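Participant: Sequence first, predicted coordinates after that:
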Amino acid sequence: MTSKMDRCGSATASRTAFGFLLLAAATLLAPSALASEEPLGITLDKATILKLPEKVATIVVGNPLIADVAVQSGGLMVVTGKGYGATNIIVLDRSGTVLMERAIVVRGPSDQTVAVYRGMERETYSCTPQCERRITLGDSAGYFTATAAQSDARNNQSIAAGSKGR
């Protein structure tokens, strides 16, 4: 038979152990509380602005093919959707402490776009208000290359015309 003293000591030890478990769990879960915000939803080829916490030293982008960041003055960060999918951003201070962690989800455009399929080949058009070619990930290689080449040629002409005026 156990004495009353043994049972009380055992109950106190159990409470103490339970308290340490709660403290350990709270400590381990604290960093994930930083990531508990809703994922940042961005449309492909569009940007949004986030306010950075103070004393930022390092910004890590999980997959820069999905989202990219540019730091601006005034503690602002521009996040741009580069490819479909999900990734994350982690912001650290000089000592490596996580100041912010945010999930990012990049989706396709939901505005007035039309996808034209010719067998397995896809072409995307932006119809605002007239339908014009739009370069979109997933378009057929020939269409994508031709549209990108037209856009590059136009940009190069603009650069050339602008440099003549100087």
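Facilitator: Now that the structure is in, tell me what you want to look at.
Participant: beta partners of the residue positioned nearest the centre of the chain?
Facilitator: Nearest to the mean C-alpha position of the chain, counting by Cα atoms, centre = their mean, stands residue 104 at 2.9 Å. Per DSSP bridges, the residues bridged to residue 104 are residue 40, residue 87.
Participant: what about this structure, any weak spots by pLDDT?
Facilitator: Confidence mapping of the chain against pLDDT under 70 gives the ranges 1-36, 165-166.
Participant: 50 instead, please
Facilitator: Screening the chain residue by residue with the criterion pLDDT under 50, one finds the ranges 5, 8, 21-35.
Participant: Could you list the domains of the protein?
Facilitator: With automatic domain parsing serving as the domain definition, the record reports that the chain contains domains spanning 1-33, 40-107, 113-164.
Participant: most tightly surrounded among those?
Facilitator: Most buried of the domains of the chain by mean neighbour count (mean count of other Cβ atoms under 10 Å) is domain 40-107; its value is a mean of 15. Just so you know, the C-beta spots here come from the backbone N, C-alpha and C atoms, and that holds for glycine as well.
Participant: End to end on that domain, go ahead and measure it.
Facilitator: The first and last residues of domain 40-107 sit 11 Å apart, counting by Cα to Cα, to the nearest Å.
Participant: where along this structure do the helices fall?
Facilitator: Per DSSP state H, the chain has helices spanning 4-34, 141-164. These are given in chain order.
Participant: tell me which strands and helices the last one is in contact with?
Facilitator: Which is helix 141-164. Helix 141-164 is packed against strand 121-127, strand 131-134, with contacts defined by 3 or more Cβ pairs under 8 Å, 6 or more residues apart in numbering; DSSP states H and E.
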